[in-house]
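# Give me a model of this one.
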Amino acid sequence: MAKFGKWIGGGLGWVVGGPIGAIIGFTIGSLIEIPDLHKTTKRKTTTTGGFAMTLLVLVAAVMKADGRILKSELEYVKKYFIQSYGEESAVEAIKMLRDILNQDISIQAVGIQIKLNLDYASRLQLLHLLFGVAQADGQVDLSELNTIAQIAGYMNVNSKDFESIKSMFIANVDSAYKILEIERNATDDEIKKAYRKMAVKFHPDKVSHLGEDFQKQAKEKFQKVNDAYEKIKKERNIN
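Numbers count the residues shown, from 1 in each chain. Alright, predicted model coming up:
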């Protein structure tokens, strides 16, 4: 198998239980042997494979948001995975995604499982990746936005962090300020303090445990914070 095979081979951790395990069980059951999904398992560390499978389940939920699965959407998602993780991984991902799209997905149950098992920095990274996929066709559809907002709520992502990541993809006049989680009337000192706080929160090292592929995506999120800060500094002539 390609790189997705490597990710699965690296372990699936806590995702083999609960609603996520039930969704991916059929998809990967023929590829590897996994534990009985009906047995209660102790909380486990999030692995690269577990994170990848969780992402695919959430991507499927976002794609199903408007009640239609279009060939063009699959092409957009495939392109996204090619750009992010390489062509071989993308082919593997789309095969799994097609199977997952045929499953019933309760975003509430999945979101709660994620909240209980995944660290906060990784939840923010999931949210960032979902917006990236939703924007793959050039815009984030309202139904996609609403679904991502619901997922964020069930994952217990606070509203300021949600608006920060949302503003990285949906631009408005205050996007740079929202990315830094401040108001336009903030003082220069407050802006500097906010930048330092967000730089720590979104630093790629926060998700280093997810592996090189996902850490690469985290660097893009981190760069958005830097870009927002630079835009505000230029606007205000801050040294």
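# ok, the closest residue to Phe131 other than its chain neighbours to Glu212 distance?
Leaving aside its chain neighbours, Phe131 sits nearest to Phe169 (4.4 Å; criterion: CB to CB, 6 or more residues apart in numbering). From N, CA and C alone the C-beta is placed, and that goes for glycine too. In this structure, Phe169 and Glu212 are 23 Å apart, going by CB to CB, to the nearest Å.
# neighbour-wise, which of those two wins?
Phe169 (18 against 9; other CB atoms under 10 Å).
# what kind of secondary structure is the more buried one in?
Three-state assignment for Phe169 (DSSP: H, G, I helix; E, B strand; the rest coil): coil.
# Surely it touches Gln135?
Yes: applying CB atoms under 8 Å, one finds Phe169 in contact with Gln135, separated by 5.0 Å.
# Out of the helices and strands in this structure, which is least certain?
Least confident helix or strand, the chain: helix 3-9 with a mean of 68, by mean pLDDT, DSSP states H and E.
# which is the next helix or strand following that one?
helix 18-28 (DSSP states H and E).
# and the angle for the helix or strand following that next one with helix 18-28?
Note on helix 18-28: by DSSP H and E, the next helix or strand toward the C-terminus is helix 48-63. Counting by axes from the mean of the first three to the mean of the last three CA atoms, to 10 degrees, helix 48-63 lies at 100 degrees to helix 18-28.
# Report all helices and strands that helix 48-63 contacts.
helix 3-9, helix 18-28, helix 71-85, helix 87-100, helix 107-117, helix 120-134, helix 142-154, helix 212-236 (3 or more CB pairs under 8 Å, 6 or more residues apart in numbering; DSSP states H and E).
# what's the neighbour count on the closest residue to Lys221 other than its chain neighbours?
Once flanking residues are discounted, Lys221 sits nearest to His128: 4.8 Å by CB to CB, 6+ apart. By the criterion of other CB under 10 Å, His128 has 20 neighbours.
# Run a quick check on His128 versus Gln217, I expect a contact.
Yes: between His128 and Gln217 there is a contact at 7.1 Å, judged by CB under 8 Å.
# Low-confidence ranges, the protein, go.
Low-confidence segments of the chain (pLDDT under 70): 1-7, 9-10, 26-45.
# tell me the contacts of the residue positioned nearest the centre of it?
Centroid check for the chain by CA atoms, centre = their mean gives Leu126 as the closest residue, at 1.8 Å. Contacts for Leu126 (CB atoms under 8 Å, 6 or more residues apart in numbering) come out as 51, 54-55, 58, 114, 118, 155.
# cutoff 7 Å now
54-55, 58 (CB atoms under 7 Å, 6 or more residues apart in numbering).
# ok, it to Val173 distance?
Distance, Leu126 to Val173, by CB to CB: 28 Å.
# same question, Asp227
According to CB to CB, Asp227 and Val173 sit 16 Å apart.
# now swap in Gly49 and tell me
41 Å.
# In terms of neighbours, single out the busier of those two.
Using other CB under 10 Å, the more surrounded residue of Gly49 and Val173 is Gly49, with 24 against 8.
# wait, doesn't that one sit right on Val15?
No: in this structure Gly49 lies outside contact range of Val15 using CB atoms under 7 Å: 8.1 Å.
# Give me the common contacts of those two.
What both Gly49 and Val15 touch, as defined by CB under 7 Å, 6+ apart, is an empty set.
# Quick check: can you list the domain ranges of the chain?
As recorded under automatic domain parsing, the domains making up the chain are 1-157, 159-239.
# Can you tell me which of these is most buried?
domain 1-157 (a mean of 18; mean count of other CB atoms under 10 Å).
# Report the secondary structure state of Gln139.
Going by three-state DSSP: Gln139 is coil.
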